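1. sequence plus the predicted model coming up.
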Amino acid sequence: MAITSSAKKAIRSSGRKRVFNIRRKVALRDTTKAVLKSLTAKDVAGAEKLLPAAYAAIDKASKRGVIKANTANRKKSRLAAAISRTTNSSTS
């Protein structure tokens with residue numbers, strides 16, 4: 001248990017930051033799942049409409065250090081590739 005007042009304050013501060021980080025990670029997961037769910041339902045237009053929200057959630061999480069920059073780029077790339085794959089397979 002923390003003894004000094006600065007250590008106690010650090011615990012309170014990190015607790016608040018943890019809540020925000022969890023919230024960002026949940027938003028990232030939810031928006032990503034929404035895009036993938038619409039792709040599995042063959043709703044490419046809906047997935048393309050949800051893609052900017054997913055990008056925003058990924059960028060916010062990356063900006064705040066919840067995920068690393070390369071992880072964010074990989075997630076965005078894979079979402080775009082999934083939409084592209086679905087678009088190409090539905091037109092063929």
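-> Thanks, I have it.
2. quick test: name the residue nearest the centre of this protein.
-> Central residue of the chain (C-alpha atoms, centre = their mean): Leu28, 2.3 Å from the mean position.
3. I figured it was touching Ser62, is that so?
-> No. Judged on C-beta atoms under 8 Å, Leu28 makes no contact with Ser62 at a distance of 9.1 Å. C-beta coordinates here come from the backbone N, C-alpha and C atoms, glycine included.
4. returning to that earlier point: so who does the residue nearest to the centre of the chain touch?
-> By C-beta atoms under 8 Å, 6 or more residues apart in numbering, the contact set of Leu28 is Ala54, Ala57, Ile58, Lys60, Ala61, Val66, Ile67, Lys75.
5. spatially nearest residue to the third one, not counting backbone neighbours?
-> Yep, that's Ile58 we're talking about. Excluding the flanking residues, the one nearest Ile58 by C-beta to C-beta, 6 or more residues apart in numbering is Ala72, at 4.9 Å.
6. the longest helix in the chain is where?
-> With residue count as the measure and DSSP state H as the assignment, the chain has helix 5-40 as its longest helix.
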